[in-house]
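Participant: Below are the sequence and a predicted model; questions follow.
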Amino acid sequence: MAEGGAPPASQDSSGQGWVTAATQDAGSPRCPHGALEDPHRGFVRCLEPGEADAGWLPPPPQPEPPPDDAGAPPPDGGDAGPIDGGPSDGGPSDAGPPDAAVVSAPPPVVEIKEPEFMNGDVPNVAKRLEKVSPELAQCVADHGGLSGASGSIKIQFLVRVRGRAEGVEILEARGVTSDAQRCIRQFLKNRYIGSPTTDPVGVTVTLSLRAAK
């Protein structure tokens, strides 16, 4: 049990998120009420009868983003054309103007709200996120921009002794596309956040977005 009496959270065997009550085998003879497992350390702890729906259990993990299909062949099986975007027949460029749907929007202004912690603290996590706010803003700009004058993204992740963000999840989002959310998840995944005071520490932080003037 972690320091302070809070039971530790772990990752599930797929490595894609935290173990939750929903992912346990409730019918297991060894652990009839479910179990918390750490496959990396071989740690298993059976849940008590009242812990199956405990508030400290994190939400079920979101699926990993699908692989980028940019390198897939064209749907009709034809020639993908010149990779440098030049003319396809040796004459003047016939590519035409770029599609407005794929043109980057102006990056929004990103404000890191005060983080909330569960089972400890991660000092200076807000400052570390502020340092990468340009990259977070670019994720939004490159994937549709803001749908209005403002938006927000609420993120949750776990920090263990190695100090990196694990099990990054988007809890809520407003004014941004699902592609922008996926980009931010991928950017923060396994990024160094800082050493936690206990192992593990849950972090919830909101990114406030507003259109650049």
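Facilitator: Everything's here; your move.
Participant: Averaged pLDDT, stretch 177-195. What do you get?
Facilitator: In this model, stretch 177-195 carries a mean pLDDT of 94.
Participant: Please identify the buried residues of that stretch?
Facilitator: Applying a neighbour-count criterion of 16 or more other Cβ atoms under 10 Å, the buried positions in stretch 177-195 are 180-185, 188, 191, 193-194. Any C-beta I mention is one placed from the backbone N, CA and C, and that applies to glycine too.
Participant: nearest to Glu169, of those residues?
Facilitator: Nearest to Glu169 among the buried residues of stretch 177-195, counting by Cβ to Cβ, is Arg185 at 7.6 Å.
Participant: In helices, which of the buried residues of stretch 177-195 fall?
Facilitator: Among the buried residues of stretch 177-195, the subset assigned to helices under DSSP state H consists of 180-185, 188.
Participant: of all these, which comes closest to Val122?
Facilitator: Nearest to Val122 among those: Leu188, at 13.2 Å, using Cβ to Cβ.
Participant: Pretty sure the closest one sits against Glu166.
Facilitator: No: counting by Cβ atoms under 8 Å, Glu166 is not a contact partner of Leu188; they are 9.9 Å apart.
Participant: any shared contact partners between those two?
Facilitator: Listed contacts common to Leu188 and Glu166 are Phe157; contacts here mean Cβ atoms under 8 Å, 6 or more residues apart in numbering.
Participant: would a markdown table of the buried residues of stretch 177-195 with distance to Lys154 be doable?
Facilitator: Putting the buried residues of stretch 177-195 into a markdown table (distance: Cβ to Cβ, whole Å) gives the following:
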| residue | distance to Lys154 |
| --- | --- |
| Ala180 | 14 |
| Gln181 | 10 |
| Arg182 | 15 |
| Cys183 | 16 |
| Ile184 | 11 |
| Arg185 | 12 |
| Leu188 | 13 |
| Arg191 | 18 |
| Ile193 | 16 |
| Gly194 | 20 |
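Participant: between these, which is closest to Cys46?
Facilitator: For these, the residue nearest Cys46 by Cβ to Cβ is Ile193; the value is 30.5 Å.
Participant: Surely that closest one touches Val122?
Facilitator: Yes: applying Cβ under 8 Å as the test, Ile193 and Val122 come out as touching, 6.0 Å apart.
Participant: Need the overlap of contacts for these two.
Facilitator: Joint contacts of Ile193 and Val122 (Cβ under 8 Å, 6+ apart) are 159, 203.
Participant: In the protein, mark out all the strands, start to finish.
Facilitator: Taking DSSP state E to define them, one finds strands in the chain at 35-38, 43-46, 109-112, 116-118, 150-159, 165-174, 201-210.
Participant: mean pLDDT lowest for which of these?
Facilitator: strand 35-38 (a mean of 66).
Participant: Confirm for me that Ile153 is in contact with Val205.
Facilitator: No: at 9.3 Å, Ile153 and Val205 do not qualify as touching, with contact defined as Cβ under 8 Å.
Participant: Of these two, give the one with the bigger neighbour count.
Facilitator: For Ile153 versus Val205, neighbours defined as other Cβ atoms under 10 Å are more numerous around Ile153 (24 against 19).
Participant: what about the closest residue to Arg160 other than its chain neighbours, how many residues close to it?
Facilitator: Nearest in space to Arg160, with sequence neighbours left out and distances taken as Cβ to Cβ, 6 or more residues apart in numbering, is Pro200 at 4.7 Å. Around Pro200 sit 24 other residues, with neighbours defined as other Cβ under 10 Å.
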